[in-house]
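In: coords below, sequence missing:
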């Protein structure tokens, strides 16, 4: 239903309805049981930040970045009130005091409180009573009864007035604001590491506080009177918001907080769960009954993953281990079990590789160092100072005897593996020895050996790729054509092709014999971050900042498939040596493992799916008004036109045409029998009906409607042209008479009547059908209601019978009684202890 990211999801108290808000500024209310959208509410001008259902009233309150809080009446689906008291975006809301107070958090350090007063429904039966109720409500605002009579339409349901504000310690915006289930504790945090907790006092506690204040004020007044010798006036103590909401404590987390939730437990204990920026969850516990409560960290959930973005990935030579390195740690994973084998602290890693034999790993860091780790012990063997700037690229020599590195200090350095004796351990260990240096004019971004060891490709910051002979380091070719620097490159297994990916969003394929550009392809919607050939093929994968991974054919210059799954920029990927697996890492803090299946890819199908996705996008965007200048209303249908809804409408139309055709055949057969004066053999039924088990044409139409997904049914009927509607209505009448799928048929019927009301009423032919539908529908629906009522009563009776027989308690009662038993047991234990 939404055109862009969903920003808020909230259930109602029964769990039967769901409200979602989105970046497209729409709010949609969904029916969970029927699995379809009820309606779309329009009115906000920016991203929706929060939506709350009210418990006993059919009302909804929403907040948005447009600085407004809107109240919606869900019976009539319109916005009846807008709160205008915020100067900036509203980021969070919470309902307090049995939903008689609304607390909102915005981009400043104030939490604004609003008092909600609901008008009594029973007073609104007659006109004079409504006005009377209005003046009673408004008399504290304006004593003028004449103004009270002139009723403001906004305040017919409720009135909302600012009650004051609570000041936070933080100066930045509210990131999230929530309360526990009983709305006694409010938790709130900004974009820093501090969570602020406030407690909401009950009415009794507030009254106690006020009487204390009044006593103090009287004492003070009495002292003043004694001094002045005059008669005392009765002191007045005003009830403020700070008397009702008081600061409880602050909790300092180990990193910036992204989200939180809190839960009140027995004995005044509050449990708080925090989701942190660095991929960690922490839980805290504190006693709210204490005068100065202090929070204790009870648990910390850290998944096997990294705390920061992974910038480099490598597979081991046996395809079994995956190395991933981030800004603070390097991890080695078992590919088959997806478990972490080793975690080692490291510098900010940019590139990595397994040393031949898979016993050691080498990392290139942002500081320009090479770090060598031993996997068996998980220890750092050596840190080699390799480059003066960031070490951007690292490549293993094809003879596996050394490596080549490229850095931001405009040099490419060659290193050989060596075994030296470790004086501390008394055994040999691996090190790298610097052998040659190639000096260049620009920063080096990527280096690659050709698999035949003949050439070395180096991409530079001046947007070119230079190719040198490996043995003499003589210049061979310069590949220029990219408009922005080449961030990644790879050479095919036969050393015939080189593919380059650039920040200009293009991928170019070049021949390595003459340096000619075979093809330039627009690959991603943002920078191409990584590129690698599949071993022993001319297929390659690219990863981009547009969240996608794509596969290409370098011979036919075709896009084969797109792997979608990451939610943010994809930084890098690694292909296993056998080509069966791909690992990818992204800014969404996830590592994803992709497996090659044996299922063949049909390019035409992939292209068809892409076209369908584009068509759906264009349809989602193209909801321009039919009449120029016409503004859409506040409420609209929740569903949107998609390829599926169009196909569903086409299937219904085809079924109705088949029904028409079969009816025409039967009429012709009847006429032929009458003309011949004897019974002729019946016409052959349509093969589709035979395939469905020789069902009747009308039953086939119902089957087709049944197969349309519940969420797409309304939009499919909306797309259906009107000439098909009269026939459908006649079919609906027969279905209801036979008692077939009454609920579904009624849903379709009421929707068609609502959208084609004028045309149906003006059609004389349909009057008899509508009249028939009216009587049949009412009687059938009443019948179903009676059956459901009878069944419900019977089930309750059975429950009572079983309980009385077996003394078994059902459902909710059991938990309540268990808690009571536990309480009694505790009391007994305490009594025994005291006696002892």
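Out: Everything's here; your move. Everything numeric here is computed off the predicted structure, so don't read it as measured data.
In: what ranges do the strands span in the stretch 601-750 of the chain?
Out: In the stretch 601-750 of the chain, strands defined by DSSP state E, counting those that start in this stretch lie at 635-636, listed in chain order.
In: any weak-confidence spans in it?
Out: Along the stretch 601-750 of the chain, segments meeting pLDDT under 70 span 619-632.
In: the stretch 301-450 of the chain too?
Out: Ranges of the stretch 301-450 of the chain meeting pLDDT under 70: 303, 425.
In: show me where it has strands.
Out: So, for the stretch 301-450 of the chain - with DSSP E, counting those that start in this stretch - the strands run 312-315, 321-325, 329-334, 339-345, 349-354, 360-365, 369-374, 379-385, 391-396, 402-407, 411-422, 427-439, 444-449.
In: counting by contacts, list what the shortest one packs against.
Out: Applying 3 or more Cβ pairs under 8 Å, 6 or more residues apart in numbering; DSSP states H and E, one finds that strand 312-315 makes contact with strand 321-325, strand 349-354, strand 570-575, strand 581-586. C-beta coordinates here come from the backbone N, C-alpha and C atoms, glycine included.
In: distance to residue 828 and mean neighbour count added to those, as JSON lines?
Out: As requested, the helices and strands packed on strand 312-315 are arranged in JSON lines below (distance: least, Cβ to Cβ, whole Å; neighbours: other Cβ atoms under 10 Å):
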{"stretch": "strand 321-325", "distance to residue 828": "56", "mean neighbour count": "25"}
{"stretch": "strand 349-354", "distance to residue 828": "61", "mean neighbour count": "22"}
{"stretch": "strand 570-575", "distance to residue 828": "62", "mean neighbour count": "23"}
{"stretch": "strand 581-586", "distance to residue 828": "57", "mean neighbour count": "23"}
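In: need the ones you listed in TSV (columns: distance to residue 36).
Out: Listed next are the helices and strands packed on strand 312-315 as TSV, based on distance: least, Cβ to Cβ, whole Å:
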stretch	distance to residue 36
strand 321-325	42
strand 349-354	49
strand 570-575	35
strand 581-586	33
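In: out of the ones you listed, which comes closest to residue 196?
Out: Counting by Cβ to Cβ, residue 196 lies closest to strand 581-586 out of the helices and strands packed on strand 312-315; the figure is 32.3 Å.
In: what packs against that closest one?
Out: Using 3+ Cβ pairs under 8 Å, 6+ apart, strand 581-586 sits against strand 312-315, strand 321-325, strand 570-575, strand 591-595.
In: return the distance of the third one from the chain's centre.
Out: Between the centre of strand 570-575 and the centre of its host chain there is 23 Å, according to Cα atoms, centre = their mean, to the nearest Å.
In: partner strands of that strand and their direction?
Out: Strand 570-575 pairs in its sheet with strand 581-586 (antiparallel), by DSSP bridges.
In: next: the first one.
Out: Strand partners for strand 312-315, identified by DSSP bridges, are recorded as strand 321-325 (antiparallel).
In: could you do the last one as well?
Out: According to DSSP bridges, strand 591-595 has the following sheet partners: strand 581-586 (antiparallel).
In: so what touches the strand it pairs with?
Out: Residues from elsewhere that reach strand 581-586, judged by Cβ atoms under 8 Å, 6 or more residues apart in numbering: 309-311, 313, 315, 319, 322, 324, 335, 541, 543, 547, 549, 563, 566-576, 591-596.
In: turn the strands of the stretch 301-450 of the chain into CSV, including distance to residue 512.
Out: Converted to CSV, these look like this (distance: least, Cβ to Cβ, whole Å):
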stretch, distance to residue 512
strand 312-315, 24
strand 321-325, 29
strand 329-334, 33
strand 339-345, 37
strand 349-354, 23
strand 360-365, 25
strand 369-374, 28
strand 379-385, 31
strand 391-396, 16
strand 402-407, 17
strand 411-422, 18
strand 427-439, 18
strand 444-449, 11
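In: before we move on, the earlier item: name only those of the contacts of strand 581-586 that count as buried.
Out: By neighbour count, with 16 or more other Cβ atoms under 10 Å, the contacts of strand 581-586 hold 309-311, 313, 315, 322, 324, 335, 541, 543, 547, 549, 563, 566, 569-576, 591-592, 594 as buried.
In: report the buried residues of stretch 183-200.
Out: 183-190, 192-200.
In: residues contacting the nearest residue to residue 639 once chain neighbours are set aside?
Out: With sequence-adjacent residues excluded and distances taken as Cβ to Cβ, 6 or more residues apart in numbering, residue 639 is closest to residue 715, at 4.0 Å. Residue 715 is in contact with 637, 639, 640, 641, 642, 645, counting by Cβ under 8 Å, 6+ apart.
In: one more: residue 69?
Out: Counting by Cβ under 8 Å, 6+ apart, residue 69 has contacts 61, 62, 63, 82, 83, 86, 90, 93, 102, 104.
In: only whichever of the residues you listed are buried, select them in PyMOL.
Out: The following PyMOL line selects those of these that are buried, judged by 16+ other Cβ under 10 Å:
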select buried, resi 61+62+63+83+86+90+93+102+104
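In: so which of the contacts of residue 69 are in strands?
Out: Of the contacts of residue 69, the ones assigned to strands by DSSP state E are 61, 62, 63, 82, 83, 90, 93, 102, 104.
In: which member of the residues you listed is positioned nearest residue 796?
Out: residue 61 (35.9 Å).
In: residue 73 is in contact with that closest one, correct?
Out: No: under the criterion of Cβ atoms under 8 Å, residue 61 is not in contact with residue 73, lying 11.0 Å apart.
In: tell me how far residue 571 lies from residue 190.
Out: 28 Å (Cβ to Cβ, to the nearest Å).
In: and if you look at residue 769?
Out: For residue 769, the distance to residue 190 - Cβ to Cβ - is 62 Å.
In: sorry, back to before: so for residue 112, which of the helices and strands packed on strand 312-315 sits nearest?
Out: Proximity to residue 112 (Cβ to Cβ) singles out strand 581-586 among the helices and strands packed on strand 312-315, at 38.0 Å.
In: how far away from the center of its chain is that closest one?
Out: For strand 581-586, the distance to the chain centre is 21 Å (Cα atoms, centre = their mean).
In: now swap in stretch 201-220 and tell me
Out: For stretch 201-220, the distance to the chain centre is 47 Å (Cα atoms, centre = their mean).
In: which strands and helices sit next to the helix or strand hosting residue 775?
Out: When elements are assigned from DSSP states H and E, residue 775 belongs to helix 767-806. Applying 3+ Cβ pairs under 8 Å, 6+ apart, one finds that helix 767-806 makes contact with helix 725-738, helix 742-755.
In: can I get those helices in CSV with distance to residue 236 and mean neighbour count?
Out: Formatted as CSV, the helices and strands packed on helix 767-806 follow (distance: least, Cβ to Cβ, whole Å; neighbours: other Cβ under 10 Å):
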stretch, distance to residue 236, mean neighbour count
helix 725-738, 69, 19
helix 742-755, 58, 17
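In: out of the ones you listed, flag the one nearest residue 97.
Out: helix 742-755 (39.3 Å).
In: that closest one packs against which elements?
Out: helix 697-707, helix 713-719, helix 725-738, helix 767-806.
In: now the helix or strand that the last one is followed by and helix 767-806, what's the angle there?
Out: Read that as helix 767-806. Per DSSP H and E, the first helix or strand lying C-terminal to helix 767-806 is helix 811-835. Using axes from the mean of the first three to the mean of the last three Cα atoms, to 10 degrees, the direction of helix 811-835 lies 30 degrees away from that of helix 767-806.
In: hmm, back to that, and residue 329, which of the helices and strands packed on helix 767-806 is closest to it?
Out: Of these, nearest to residue 329 by Cβ to Cβ is helix 742-755, at 55.4 Å.
In: next secondary structure after that closest one?
Out: Heading C-terminal from helix 742-755 (DSSP H and E), you reach helix 757-762.
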